[in-house]
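**Student:** fold the following and give me the result.
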Amino acid sequence: MTRVDPPEIADERSMLVSWLAYHRATVRVKCDGLSDEQMRQRSVPPANLSPLGMVRHLAEVEAFWWREVVEGESYSVYCDEANRDGDFDFPDDADVTAAWSTWEAQCAHGDEVLATRLLDDEVVERDSPNSIRWIMVHLIEEYARHNGHLDLLRQCIDGTTGE
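**Tutor:** Got it, this is the predicted structure:
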């Protein structure tokens, strides 16, 4: 996943797709070079946040919006009724490579679903109507916020800072 700056001038759909792709790729940039052990590290106590938890959470977010809300499928990657924080609560030996693969698969699935929808298409999430446009803006916001978390986590893990 290569990070490409979004265009400064583009139609709305291209702009939203570009910004989502940019923020998805930023997750990879923020985690680049971390060992599996560092990916699992919860470096800002008492929070249970870790780079691996962020990757797992973002896979869960992608699945929720594209599979559950847009497609109406009952689907969860890591969370269930018994463990609603299964994305952040993981065993000490959680498979980092598998988490990346799962996240990438959920992103790819989201892209496939998005390709079949118009920005004005409406879907219902918990009895509240949303448009695909709203979902796109929400996902961009979600990624931007969590990329900020990844900045802090990464700096606490190994001192790395950056864009």
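
**Student:** pull the helix or strand with minimum mean pLDDT from the chain.
**Tutor:** Using mean pLDDT, DSSP states H and E, the weakest-scoring helix or strand in the chain turns out to be strand 122-125, at a mean of 87.

**Student:** what is the helix or strand that that strand is followed by packed up against?
**Tutor:** As assigned by DSSP states H and E, the chain's next helix or strand after strand 122-125 is strand 128-131. With contacts defined as 3 or more Cβ pairs under 8 Å, 6 or more residues apart in numbering; DSSP states H and E, the packing partners of strand 128-131 are strand 122-125. Just so you know, the C-beta spots here come from the backbone N, C-alpha and C atoms, and that holds for glycine as well.

**Student:** okay, buried residues for the strand it packs on please.
**Tutor:** Judged by neighbour count (16 or more other Cβ atoms under 10 Å), strand 122-125 contains these buried residues: Val123.

**Student:** would you list every one of the helices in this structure?
**Tutor:** Taking DSSP state H as the test, the helices found in the chain are 12-31, 36-40, 51-62, 96-115, 132-158.

**Student:** deepest of those, which one?
**Tutor:** Comparing the helices of the chain by mean neighbour count (mean count of other Cβ atoms under 10 Å), helix 51-62 comes out on top with a mean of 24.

**Student:** angle of it against helix 12-31?
**Tutor:** When axes from the mean of the first three to the mean of the last three Cα atoms, to 10 degrees is applied, the directions of helix 51-62 and helix 12-31 differ by 160 degrees.

**Student:** right, I'll leave it there.
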